[in-house]
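1. Give the three-dimensional model of this entry:
(chains A and B)
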Amino acid sequence: MTPSANSAVGAVLVTGTVFLALALCYRPLGDHMFRVYTGARHWRVERVVYRLVGVDADAEQRWPAYARALLAFSIVSVLALYALQRLQDHLFLSLGMPAVPPDLAWNTAVAFVTNTDWQAYSGESAMGHVVQTAGLAVQNFVSAAAGLSVAVALVRGFARARSDTLGNFWVDLVRGTIRILLPIAFAAAILLVAGGALQSFGGHHGWTTLAGGGQTLTPAGAASQEAIKDLGTNGGGVFNANSAHPWENPTAWTNLLQIFLLLVIATSLPRTFGRMVGDNRQGYVIVSVMAFLALISIGVTQTAELHAAGTVPQATAGAAPQWSGLAAEGREARFGVPDSALFASAATLTSTGSVDSAHDSYTAFGGGMLIFNMLLGEVAPGGAGSGLYGILVLAVITVFVAGLMVGRTPEYLGKKIGSREIKLASLYFLATPALVLLGTAVAMGTTAGRAGIGNGGAHGLSEVLYAFASAGNNNGSAFSGLSANTPFYNTALGLCMLFGRFLPMVLVLALAGSLARQAPVPVSAGTLPTHRPQFAGLLAGVTIVLVALTFLPALALGPLAEGLSR
Amino acid sequence: MSRRTVRGAGGGTAGLRQAARALPGAVRKLNPAVMWRNPVMFIVEIGALFTTVLAAATPSFFAWAITGWLWLTVLFANLAEAVAEGRGRAQAAALRAARRDTVARRLVDPAVHAKWEEIGAPDLRQGDHVIVEAGETIPGDGDVVEGIASVDESAITGESAPVIRESGGDRSAVTGGTRVLSDRIVVRITQRPGESFLDRMIALVEGADRRKTPNEIALNILLAALTIIFLVATATMQPLAVFSRSVNPGVADSIALTSDGVTGVVLAALVVCLIPTTIGALLSAIGIAGMDRLVQRNVLAMSGRAVEAAGDVSTLLLDKTGTITLGNRQAAAFLPVPGVPVLELARAAQLSSLTDATPEGRSIVVYAKNAYGLREREPGELAHAGWVPFTAQTRMSGVDMDGRRIRKGAATAVMKWVRDNGGHPTVDAGHLVDGISASGGTPLVVGEVSGGAARVLGVIHLKDVVKEGMRERFDAMRRMGIRTVMITGDNALTARAIAEEAGVDDFLAEATPEDKLALIRREQEGGRLVAMTGDGTNDAPALAQSDVGVAMNTGTSAAKEAGNMVDLDSNPTKLIEIVEIGKQLLITRGALTTFSIANDVAKYFAIIPAMFAAVYPGLDALNVMRLASPQSAILSAVVFNALVIVALIPLALKGVRYRPSSASTLLRRNLCVYGLGGIVVPFAGIKLIDLVVRLLPGMS
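-> The predicted structure follows:
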């Protein structure tokens, strides 16, 4: 078999394995999350937290209160994270690292609180133990839990009738962290240590290499941070090379484990959704749309990377026969092309900033697909929580257009989609693309923005588009190539991340509030059925078409121009 | 339905004439103060203004061609609305003619009919009493408080046959503008000045006080959002274009792209092609035409909201009498007791019913003729006959002739009469009576006293006759997810029999107005929308409570006031059509929205390579339509975009085809036609237009 065919078989096998593992987790994890978010009892440790924070865990919140709690918590988090970085030189266990400069500290603080984990710094040379563990790692948990909370609040909006309230943000946040993220992350960290990932809190450790040069080991709690980095769809690695670094991601099977962790919560959440709205079939529709979009995306990326003969990434890959015809530049040899492509797809499909290869080195179409994954709005399956609320908002828009076509006021899960609902859904749908496009335009239109571009021509444009797609959609991965640690990019991307996270969240909560108030409309033969393949196909179609229509001009001048012009 | 007959959307020359008549209105609507109400088309107008300035500054055939077609796009949209409005205007003119300045004779003291003063009809206040005589026009809406008259209501209903209006009861309402043909009535005015039924009707058919309906508002928001996103996408493309051009310095300037980026004319063309102009242009026409379709069926909706609600209805309350069954019970069988030939019974039944003017009595005569060939005889034909009319006391009617006495009537009354005359009704007669009652019918017993001997001849089976085709309609309703409930004053036994025969889902027997109201509330509690018809004053609370309340024009003012629709034909079955029109309205909007969005795919394939293939030749691969040149590609897309509006005006006015079926089936069909069609059609359309456009100067 040729290396291409060989790798294609590998790609199918490895993708199949991951999908199978996720399918096995769908029910148990989804049901577990259902119990977590609907159970009445508080754990003792949770009650301690509530007492410390001073909240009444049994009080329900209306949507504005829920949103205020979310925003207040996030603002405090940003400030705390900013302070930790700015005061790093005064902290113990800082490994002698200096204070982080203001623009970078702002960017990083926002990046981690927004679950983006855009990293304009290099972990091993900028952040000490305290910032990494007390700052960044904590945010990796709570920012993911915050995303889950908003998703659950939206689902409650669908599930509740004539209700003013959406639950309690603090309870959702604490339970999500303690009952969902912590146990899975703990188990995953142990597996990663077993696989060879680093877990150490000592000082720098230096030694002399065989060639006689000096080398320094920067110790880190890599394994523990790695687990939540992927599970919480964060992506901020302790090392600059991220999951390509052997101490973060040592072997092919830990690579597979990380891909699984990226996807597992977002793909199980539709089950929770189905349980909460009392119709598991609704969950199956959502998860199958996610799976369908993901499969197409993975297929395109794999095909582009495995049939890369004649492209730059292939030409620079060296003469090794096992790489012949594959786009091998920028890949770790221990993962190979298909596993790297699957990792890249999974990371960009889940709003995770993790990378185990240089996306800049992907073929034009492969890299373009990665950008498209993010531009989809991170819904296939998307980030922890954000994927579900993103696709549910798209479902609302789909139901609106399709619902009119069956001759009734559109309704989804018994809730009418009236002008208030469509206003909020439309604004949600507007917010992120507007941020991405405006950010890209400003960067391309200013000297400061163009200064960061690493490659010329269409590829350079792709780098900038990637950066803003990544920030606006809270993905956090980078195309590399772009020099983003400049005041311009730190500020602009920081703003994109901030608004790209909280604007949609507030809109989703407002939508949830107005849905919860409604009395449900009973289902009849005249109701648009949303539990059938017909609706799944429609939702997938609307998602693709709307995104394509919005971004086609930008994509045409970036990846399409590059890919079609060889 | 003499005047307002159902019209098509008007194809061919009729359509052209309609369009020509609407043209001045369409031009007037170009006024930005009017345009901004339609955000999508307002953007197109701004784009057209923008390109006009650019074309004037640096004239070229291409720039002027684009400019011209952008203005045409706006004009076509206005034309659609103007044509839709024009259809109502003709009707409004006819109605206005009825609103002549009438002089009213107002009674100074309602108790004294001899003393009145003459005042202008517009000065009438609520509560005034006016006197109207034969030949005079009724000056305002009100209720007859005294007298009875035949009234010509053709000005309102288009129906030339006069109707009877009398004081008291459910036929007391009169409408201003109608004419009294005979007799003299005293009317208490119920309208406020300037708010007469006629005024409202004129406003409705003209679309003057047309307010956007909830769904229309929601759709407008979505369209505005799409417009904004495409504006952003186009505006932000400019720096990207400048950059792309700058990294390919060797490329010559083209009509679309210079070193300053994409040219203004092309940007404007792109925006107009991308924003949902098709649905934006036709949205208000669809709404106006929907109301108009109701008017054509002689239904007046007091608000567009009610029409939309009709599409959402999930429970239909239908009165049994007149809606599900023909107005009255009819003879369906003659059942003789053993020993009596059926023909003898039939003859007796006929004879006893000849002077019975009730519908039931007439139906017996008709049935005897149809089923047994008994010629109908005039009462005068028969000498020596003594006719016994029906009275509420005897509950019998009959005839005494040639020494024979025949009686027909309620079972107990006739049985008693037979017994009183020395006869002994057999057990068989009792069985027949019970059998008919049990099946939901009404038994009438026929008895005779002949030669001193009294006996029962047999029983007439009267039954409600379900209107033809009702079962099919209810089946269709069920497929649409609508539950039908029959309302009747009958007992449960009778009600069940008819409900089963008609195929309704449920029934409410021995219904009082309170029961009706309670049923509506119960349905609404469960989140269902309820539609009903009514005519009596006692229906008013239920009409007001229901989401779609259709009052019969023959009904009382109270009923008309409480409902949100009035059926001028007073045909309760029309509720079903109203539901279909409501659904059709929504489907038309959804279908054209889908079509509009799907169109964008092809336009991108035309415009993107036209703009950028000069810098990135590879992008020419996207020019799948093989359009002749960048100029002709862009112009063709703009022309298509404008022409498709014109092409869809008839569809917008007529509404998309609607057949009652499940949501799933409807969606599949409409998605195929308007979704897939929306993607495919523009590819063909733009290509065809390009074949012509490429022949123009400067296009290759």
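2. Please make it C-alpha for all contacts and neighbour counts, starting now.
-> Fine.
3. show me where the stretch 151-300 of chain A has strands.
-> All strands of the stretch 151-300 of chain A, identified by DSSP state E, counting those that start in this stretch, fall at A:205-208, A:214-217.
4. any chance of the ones you listed in a markdown table, with mean pLDDT, mean neighbour count and distance to chain B too?
-> Formatted as a markdown table, the strands of the stretch 151-300 of chain A follow (pLDDT from 0 to 100; neighbours: other Cα atoms under 10 Å in any protein chain shown; distance: least, Cα to the nearest Cα, whole Å):
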| stretch | mean pLDDT | mean neighbour count | distance to chain B |
| --- | --- | --- | --- |
| strand A:205-208 | 72 | 10 | 46 |
| strand A:214-217 | 71 | 11 | 42 |
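5. Output those strands as TSV; include the columns distance to A:Val442.
-> Putting these into TSV (distance: least, Cα to Cα, whole Å) gives the following:
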stretch	distance to A:Val442
strand A:205-208	44
strand A:214-217	40
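6. which bits of the stretch 301-450 of chain B sit near chain A?
-> B:308, B:311-312, B:314 (Cα under 8 Å from any Cα of the partner chain).
7. Can you list which of these are found in strands?
-> Among those, no member falls in strands (DSSP state E).
8. Among those, which one sits closest to B:Tyr658?
-> B:Gly311 (12.0 Å; Cα to Cα).
9. Go through the helix or strand containing B:Glu118 and flag the buried ones.
-> Take DSSP states H and E as the rule and B:Glu118 turns out to sit in strand B:116-120. Of the residues in strand B:116-120, B:Trp116 count as buried by neighbour count, 16 or more other Cα atoms under 10 Å in any protein chain shown.
10. distance between the helix or strand just after it and the chain's centre?
-> Sequence order places strand B:129-133 as the next helix or strand after strand B:116-120, per DSSP H and E. Relative to its chain's centre, strand B:129-133 lies at 34 Å (Cα atoms, centre = their mean, to the nearest Å).
11. my guess is A:Ser163 meets A:Pro520, correct?
-> No. Using Cα atoms under 8 Å, A:Ser163 makes no contact with A:Pro520, being 11.2 Å away.
12. Between the two, point out the one with more neighbours.
-> Regarding A:Ser163 and A:Pro520, a neighbour count based on other Cα atoms under 10 Å in any protein chain shown identifies A:Pro520 as having more, with 23 against 17.
13. Give me the buried stretch members for stretch A:10-22, please.
-> Neighbour count says stretch A:10-22 has A:10-11, A:14-15, A:18-19, A:22 buried, by 16+ other Cα under 10 Å.
14. cool, and stretch A:290-310?
-> Quick answer for stretch A:290-310 (16+ other Cα under 10 Å): A:290-295, A:297-309.
15. cool, and stretch A:526-539?
-> Using 16+ other Cα under 10 Å as the test for burial, stretch A:526-539 gives A:526-531, A:535-536, A:538-539.
16. do the same with stretch A:558-566
-> If you call a residue buried by 16+ other Cα under 10 Å, then stretch A:558-566 has these buried ones: A:558-565.
17. And for stretch B:233-253?
-> B:233-246, B:248.
18. Now, those residues that are in helices?
-> Using DSSP state H, the subset of those located in helices is B:233-246.
19. And what about B:Lys408, helix, strand or coil?
-> Under DSSP: H, G, I helix; E, B strand; the rest coil, the three-state class of B:Lys408 is strand.
20. For chain A, give me the ranges with low pLDDT.
-> Applying pLDDT under 70 to chain A flags residues A:1, A:202-203, A:217, A:219, A:309-323, A:566.
21. The residue nearest the centre of it: which element?
-> Centroid-nearest residue in chain A, with Cα atoms, centre = their mean: A:Ser351, separated by 1.7 Å. Using DSSP H and E, A:Ser351 sits within no helix or strand.
22. Any chance of the backbone angles for it?
-> In terms of degrees, to the nearest 10, the main-chain angles of A:Ser351 are phi 60, psi 40.
23. Just confirm it contacts A:Thr116, I think it does.
-> Yes. Counting by Cα under 8 Å, A:Thr116 is a contact partner of A:Ser351 at 7.1 Å.
24. residues touching B:Ile279, list them.
-> Applying Cα atoms under 8 Å, 6 or more residues apart in numbering or on different chains, we find B:Ile279 in contact with B:589, B:592-593, B:596.
25. Excluding residues flanking it in the chain, which one is nearest the most centrally placed residue in chain B?
-> In chain B, the residue lying closest to the centroid (Cα atoms, centre = their mean) is B:Leu294, at 3.3 Å. The shortest distance from B:Leu294 to any non-neighbouring residue, by Cα to Cα, 6 or more residues apart in numbering or on different chains, is to B:Leu300 (6.6 Å).
26. For B:Ala628, the count of nearby residues, please.
-> The burial count for B:Ala628: 18, using other Cα under 10 Å.
27. Send me stretch A:445-453 as PDB with only the CA atoms.
-> Output of stretch A:445-453 as PDB, limited to C-alpha atoms (Å, rounded to 0.1, in the frame of the first residue of the first chain):
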ATOM      1  CA  GLY A 445      -6.400  47.300   7.100                       C
ATOM      2  CA  THR A 446      -3.800  48.500   9.600                       C
ATOM      3  CA  THR A 447       0.000  48.400   9.600                       C
ATOM      4  CA  ALA A 448       0.100  47.000  13.100                       C
ATOM      5  CA  GLY A 449      -2.100  44.100  12.000                       C
ATOM      6  CA  ARG A 450      -0.200  43.400   8.800                       C
ATOM      7  CA  ALA A 451       3.100  43.500  10.700                       C
ATOM      8  CA  GLY A 452       2.300  40.200  12.400                       C
ATOM      9  CA  ILE A 453       1.800  38.200   9.200                       C
END
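28. in chain A, which helix has the most residues?
-> If you go by DSSP H, chain A has its longest helix at helix A:3-38.
29. who does that one touch, helix- and strand-wise?
-> Contacts defined by 3 or more Cα pairs under 8 Å, 6 or more residues apart in numbering or on different chains; DSSP states H and E place helix A:3-38 against helix A:169-175, helix A:252-276, helix A:280-306, helix A:336-349.
30. what sits against the residue of the stretch 51-200 of chain A found nearest chain B?
-> Here the stretch 51-200 of chain A gets closest to chain B at one residue, A:Ala161, 10.7 Å apart by Cα to the nearest Cα. Listed by Cα under 8 Å, 6+ apart, the contact set of A:Ala161 reads A:516-520.
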